[in-house]
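Undergrad: Return atomic coordinates for the entry below.
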Amino acid sequence: MSLARLLPLRSYFSTGKFNFPYIHIVPKGRVFVVERLGKKDRELQEGLHFTVPLIDRIAYGRGTRDDRIQVKPQSVITKDNIEVFCTGVIYYRIVNVEKSCYRVEYPEESCRNLAESVMRKEAGNMELDELLRSRNTLNTAIREGLREIKDLWGIDIHRYEVQSIEVAEEATRHAMREQSDAERKRRAAILKSEGEKIAEINSSEANKISALNHAEGEANSILMKAEATAKEIQMLAEAERTAEAQRIELLAQSNARAIALIQEQLSKEGGEPAARLNLSSMYVKEISDTLGKAGTVIVPNNPLDVRGILAQAESIWKNAK
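TA: Model prediction:
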């Protein structure tokens, strides 16, 4: 047999109705219900099957894949007495082929009618604004209302989507447009005022931070100046103490060297008479300078007693040695 003759035969097999009624090929995603003498006998899943002629017949064919049912526009009166037209889509799957065949005559039409009734009921319990805002709530309510048909008809409604909600009266649509425009203007005004408020807050925060930074900078500057001044004073005090100590040390060293030199000279021959003569000349010079100045002066009891003065100086010199 040629391939050209087999291709039409395949198309007959795929539908389950062809010139060979006892041979059936069930495609994937389909289930055929076989009745024997008017009573359900079995279900044919995908693959090749055989039936008994004149006794068995293919009574029903059902798809087991997800499918959809379009819900036509339905007039609904909302809670605030406004007429709207609602459309939707039902997404379903047949989970029990026997119930879908023998418990309901027209499964798709029945699901559509039930969905329309539930939609009118649920939408009638809402006001127009709530209905427009709460589509998800309406979808959930309709899906819950259709859940019972799973046990009754073997059809699982796993999703319902409201496609459109349109107001019937033109005056109401015009009022809704005006309300929408007013709401947008109100939101724009609120957003603008909030933006200005945020800008003012940010500006005040920036000024506050700037003032704090400026004050902190001045405080740090004053602190650094004070630390520098204190350090400078400390360094000057240390320098003065060091200089005074060095001066005292140098003076002591000079006095020690002078005393040592004087002792050295006095220990030599003729040193003491020379020292007496030097003291006498210094004394006479001081007396003459004192008498030459104006004013009141204090002098010894006998300033002209040079010998007594020299003796006294010599006694002091010996005690110093």
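Undergrad: where does this protein have low pLDDT?
TA: Residues of the chain meeting the criterion pLDDT under 70: 1-20, 169-181, 263-321.
Undergrad: just the helices in it please.
TA: Ranges of helices within the chain are 3-15, 97-102, 107-124, 128-133, 135-145, 149-153, 170-267, 271-292, 306-320, based on DSSP state H.
Undergrad: What is the shortest one packed up against?
TA: In this structure, helix 149-153 makes packing contacts with helix 97-102, helix 107-124, strand 155-167, judged by 3 or more CB pairs under 8 Å, 6 or more residues apart in numbering; DSSP states H and E. Every residue, glycine included, has its C-beta placed from N, CA and C.
Undergrad: Now tabulate these in a markdown table and tack on distance to residue 145.
TA: Listed next are those as a markdown table, based on distance: least, CB to CB, whole Å:
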| stretch | distance to residue 145 |
| --- | --- |
| helix 97-102 | 19 |
| helix 107-124 | 4 |
| strand 155-167 | 9 |
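Undergrad: could those go into TSV alongside mean neighbour count?
TA: Below are the helices and strands packed on helix 149-153 laid out as TSV (neighbours: other CB atoms under 10 Å):
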stretch	mean neighbour count
helix 97-102	18
helix 107-124	17
strand 155-167	17
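Undergrad: Of all the ones you listed, which one is nearest residue 236?
TA: strand 155-167 (90.8 Å; CB to CB).
Undergrad: So what angle separates the directions of that closest one and helix 170-267?
TA: Relative orientation of strand 155-167 and helix 170-267, computed by axes from the mean of the first three to the mean of the last three CA atoms, to 10 degrees: 90 degrees.
Undergrad: Report the strands that pair with strand 155-167, each with its relative direction.
TA: strand 83-94 (antiparallel) (DSSP bridges).
Undergrad: Just the CA trace of the partner strand, in CSV.
TA: Only the C-alpha atoms of strand 83-94 are listed here, as CSV (Å, rounded to 0.1, in the frame of the first residue of the first chain):
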residue,chain,number,x,y,z
GLU,A,83,-24.8,49.6,35.4
VAL,A,84,-21.6,48.1,34.1
PHE,A,85,-20.7,45.5,31.6
CYS,A,86,-18.1,42.8,32.7
THR,A,87,-16.3,40.3,30.6
GLY,A,88,-14.0,37.5,31.7
VAL,A,89,-12.2,34.3,30.9
ILE,A,90,-12.5,30.9,32.6
TYR,A,91,-9.5,28.6,32.7
TYR,A,92,-10.5,25.0,33.5
ARG,A,93,-9.4,21.4,33.2
ILE,A,94,-11.5,18.2,33.1
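Undergrad: circling back: out of the helices and strands packed on helix 149-153, which gets nearest to residue 57?
TA: Nearest of the helices and strands packed on helix 149-153 (CB to CB): helix 97-102, 13.3 Å.
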